[in-house]
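Peer 1: Generate a structure from the sequence data that follows.
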Amino acid sequence: MQLLALHAALALFCLLLGAAVLLRRKGTASHKLLGRIWVAAMVGVAVSSFWIFEIRRGAGPSWIHLLSIWTLISLALAVWFIRRGNVRAHKAFMVGTFLGLAGAGLGAMAPGRALSRWLLGGSGLF
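Peer 2: Numbering: from 1, shown residues only. I've put the predicted structure just below:
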């Protein structure tokens, strides 16, 4: 349960920080600093997921882990694009990654999922 708590806390932090970064003026020193922190925390969210096996009841990785792999690729591409001056592609990957995080959070609250059982006693949001 400690890993799940860490994963959930990092994800919640990323949702809050990501929303703040998306709402702030772009290109500023604070945008860059907060963006770097967000990317590092998102890497933590994605990597920590590789040890959570609740969908297959402990039997190893599931299809959801492919989303974590895609998240790592998407973050790397976002960084790669901004370092090459392609702001449009950077923005697309960052917004897409943020929306993916929000969607994954909603999915994690489905009845029977570990997060909904842990937070809501199994009732879930749906």
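Peer 1: ranges for the helices of this protein?
Peer 2: Taking DSSP state H, the helices of the chain run over residues 2-23, 29-49, 64-83, 87-108, 114-120.
Peer 1: Redo those as a markdown table? Include mean pLDDT and mean neighbour count.
Peer 2: From N, CA and C alone the C-beta is placed, and that goes for glycine too. A markdown table is the format used below for the helices of the chain (pLDDT from 0 to 100; neighbours: other Cβ atoms under 10 Å):
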| stretch | mean pLDDT | mean neighbour count |
| --- | --- | --- |
| helix 2-23 | 91 | 16 |
| helix 29-49 | 95 | 17 |
| helix 64-83 | 94 | 16 |
| helix 87-108 | 93 | 16 |
| helix 114-120 | 69 | 16 |
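Peer 1: Quick check: closest non-adjacent residue to residue 7.
Peer 2: Leaving aside its sequence neighbours, residue 7 sits nearest to residue 48 (Cβ to Cβ, 6 or more residues apart in numbering; 4.4 Å).
Peer 1: wait, isn't residue 72 in contact with residue 45?
Peer 2: No. Assessed by Cβ atoms under 8 Å, residue 72 is found out of contact with residue 45, at 10.1 Å.
Peer 1: What's the separation between the spatially most central residue of the chain and residue 85?
Peer 2: The chain has residue 101 as the residue nearest its centroid, 4.0 Å off, counting by Cα atoms, centre = their mean. According to Cβ to Cβ, to the nearest Å, residue 101 and residue 85 sit 25 Å apart.
Peer 1: Same question for residue 79.
Peer 2: Counting by Cβ to Cβ, the gap from residue 79 to residue 85 is 13 Å.
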